[in-house]
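Enquirer: When you get a sec, could you give me coordinates for this:
(2 chains)
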Number of protein chains: 2
Amino acid sequence: MRQHKLALCKVHFLDWVPEQVERTIKRYHMFTHQDRLLVAVSGGKDSLSLWDILYRLGYSAEGLYIGLGIDEGIDYSGNSLSYAHTFAEAHGLVLHVKDIKTEYGETVSELTARTHRGRYKPCSVCGLTKRHVMNLLAQSQGYTTLLTGHNLDDEAAILFGNTLSWVGSYLIRQGPVLEADRPGFVRKVKPLCRIYEREMAAYALLRSIPYIQEECPYAHDATSIYHKELLNKLEGDRPGAKLSFYLTFLQARRAGLFSPTIDERAEMVHSCTECGQPTTAPGLCAFCRMFVKSDYGQLPAMGNES
Amino acid sequence: MRQHKLALCKVHFLDWVPEQVERTIKRYHMFTHQDRLLVAVSGGKDSLSLWDILYRLGYSAEGLYIGLGIDEGIDYSGNSLSYAHTFAEAHGLVLHVKDIKTEYGETVSELTARTHRGRYKPCSVCGLTKRHVMNLLAQSQGYTTLLTGHNLDDEAAILFGNTLSWVGSYLIRQGPVLEADRPGFVRKVKPLCRIYEREMAAYALLRSIPYIQEECPYAHDATSIYHKELLNKLEGDRPGAKLSFYLTFLQARRAGLFSPTIDERAEMVHSCTECGQPTTAPGLCAFCRMFVKSDYGQLPAMGNES
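Expert: Numbers count the residues shown, from 1 in each chain, chains lettered A, B, ... in the order given. Model prediction:
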């Protein structure tokens, strides 16, 4: 690990990763052993490894798998679910499963084909759906904290994208912890935000965690993958650049770089008339608007939430 | 020009560039025909083309060449000066020449070899020197506006570097116009900030302006060149990305993205005891500190001014 000037054997590496995650949890005051934790589990290496690390660190966390109904000839969602199930059963952990088609009548693939938002940005439909379902379930069942498996590469790529287009309302909020500072939001945290993607891949491999190796069939279009490639070039030439980009951002923001007035989330003072979740304008939230068949929805704003 | 979805012949291109520059001058309220203008001329394509464009647009601007004393076996500074001289003579324009060795006793090469700042970052010594000499001359001789030939690629690369390290005090100030908002500063403007580097190269070529083609011998170490390469990759894949990165930054800042409290320039309330120029702390300014032989100077802060 050139960025840390550190080389570890298997045994020490498998201790080092949870130690780093524990430090991140404490440094950003993410949660304690008293919290009720819900991990968003996709069946991929990051979220399953996160669940594994939490288990090893003695945190009791339940899992949430969201069935998005992405098939594309390889039963992507079905396979993902079975990896999540396998892990939960092997460790005796509770896995909640929410299926979009069952709950809302349409899969993400169907939404992608039907809506204006989806045709331009399938990942936007998927992200909106996941954020909606995660928050709704966590809130209705009394979890205090939602955990996602975003690693450093994910975070740096999202930050890079938001920086290229200078979306203030996203820049002011992206970080290891998204506080539940408005009614209706559950606290969201990213315990892997300081761990490189290749470190997470090594962890899953060395811990022999079976996970879905295919990329999402929609990912080839994702801008975030392109930004990851650019950042990988930067990291290759300047080891540590990705970590430094993310951490100096967090420091600068903590030091007051951004004007608080740019936080649009502060304007989320309305409740959706359909689902009750917080939204910026009176009426339906962006998720519920997607299901109003006569409304083809608006193009999403530039930038990425996570 | 894919970013503009525009293709022009020689004649129209040579009209288009000054039109764009005039629009930039007006859009950012840079100066009028009543202002006393001083162009910083390096002998390169950008500054000579800028001087040429101003001449064609009917602005009367004098030039300032700063002799930095960079030789490195190719008489880099000497050759640069003769290109500046040739242009000034051919157009009957006034060129002021300030030689660092004559004025201060040491060349930039000597300063680079002697000082701590220089050994780590020669471009930092050079930038500090140029900013100091430009401001001093412009102020003492009553010019209202200092013009530099920074093009879009320069600006985007500086912005990219400052973003990678999130230097708030530079982010809040970088732009087409740096107001003379503190005593002792002359207003600085960059009329080429919206024109791509390759457009400027094409302009100089088509106008048959002789200019120094070699890069500065120190440039191979420059981080800004590396950042330019990364942005060129981005631009190649997403035409217009560089312009959009820079313009959305300017828009977001104008809309209040940054907190005004991060502007360190606001703290430049002292006058250097040696040269009288503004500085953040009592005593010598950073430029004059460089010449105190017993003091090897401090490492410069991360980030780039321009």
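Enquirer: A strand includes A:Leu146, no?
Expert: Yes: counting by DSSP: H, G, I helix; E, B strand; the rest coil, A:Leu146 is found in a strand.
Enquirer: quick one, what contacts it?
Expert: Residues near A:Leu146 by CB atoms under 8 Å, 6 or more residues apart in numbering or on different chains: A:Leu38, A:Ala40, A:Met134, A:Asn135, A:Ala138, A:Val186, A:Arg187, A:Lys188, A:Val189. The way it works is simple: take the backbone N, C-alpha and C, and place the C-beta from them, glycine included.
Enquirer: With A:Arg131 as the reference, measure out to it.
Expert: 10 Å (CB to CB, to the nearest Å).
Enquirer: try A:Ser60
Expert: From A:Ser60 to A:Arg131 the distance is 24 Å (CB to CB).
Enquirer: And for A:Val11?
Expert: As for A:Val11, its distance to A:Arg131 is 38 Å (criterion: CB to CB).
Enquirer: residues from the stretch 101-250 of chain A in reach of chain B?
Expert: Contact residues, the stretch 101-250 of chain A versus chain B (CB under 8 Å from any CB of the partner chain): A:163-168, A:171, A:226, A:230, A:233-234, A:237, A:241, A:244-245, A:248-249.
Enquirer: So among those, which ones count as buried?
Expert: A:163-168, A:171, A:226, A:230, A:234, A:241, A:244-245, A:248-249 (16 or more other CB atoms under 10 Å in any protein chain shown).
Enquirer: among the residues you listed, which are in helices?
Expert: Judged by DSSP state H, helices contain the following of these: A:Thr163, A:Leu164, A:Gly168, A:Leu171, A:Tyr226, A:Leu230, A:Leu234, A:Ala241, A:Ser244, A:Phe245, A:Thr248, A:Phe249.
Enquirer: quick one: which of the residues you listed is nearest to A:Ile25?
Expert: The shortest approach to A:Ile25 among those belongs to A:Phe249, at 19.9 Å (CB to CB).
Enquirer: so what pLDDT did that closest one get?
Expert: pLDDT for A:Phe249: 97.
Enquirer: One more: A:Asp71?
Expert: The model's pLDDT for A:Asp71 equals 80.
Enquirer: tell me the SS of it?
Expert: coil.
Enquirer: where's stretch A:59-69 relative to the chain centroid, distance-wise?
Expert: 12 Å (CA atoms, centre = their mean, to the nearest Å).
Enquirer: C-alpha coordinates for the lowest-mean-pLDDT helix or strand in chain A, PDB please?
Expert: Ranked by mean pLDDT, DSSP states H and E, the weakest helix or strand in chain A is helix A:116-120, scoring a mean of 74. Coordinates of the C-alpha atoms in helix A:116-120 are reproduced here as PDB (Å, rounded to 0.1, in the frame of the first residue of the first chain):
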ATOM      1  CA  HIS A 116     -37.100  10.600 -18.900                       C
ATOM      2  CA  ARG A 117     -34.700  10.600 -15.900                       C
ATOM      3  CA  GLY A 118     -33.900   6.900 -16.500                       C
ATOM      4  CA  ARG A 119     -33.200   7.200 -20.300                       C
ATOM      5  CA  TYR A 120     -30.600   9.800 -19.600                       C
END
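Enquirer: Pull up the gap between whichever residue of the stretch 101-250 of chain A sits closest to chain B and A:Gln251, please.
Expert: Residue of the stretch 101-250 of chain A nearest chain B, by CB to the nearest CB: A:Trp166 (3.9 Å). Separation of A:Trp166 from A:Gln251 (CB to CB) stands at 19 Å.
Enquirer: Count the neighbours of A:Arg36 for me.
Expert: Look at A:Arg36: counted by other CB atoms under 10 Å in any protein chain shown, it has 14 neighbours.
Enquirer: So A:Ala252 sits against B:Leu164, correct?
Expert: No: using CB atoms under 8 Å, A:Ala252 makes no contact with B:Leu164, being 11.4 Å away.
Enquirer: count of residues packed around A:Ala281?
Expert: Per other CB under 10 Å, the neighbour tally for A:Ala281 reads 12.
Enquirer: That one is in contact with A:His270, isn't it?
Expert: Yes: A:Ala281 is within contact range of A:His270, at 6.2 Å (criterion: CB under 8 Å).
Enquirer: And what about A:Met97, helix, strand or coil?
Expert: If you look again at residue A:97, you'll see it is Val, not Met. Applying three-state DSSP to A:Val97 yields a three-state assignment of strand.
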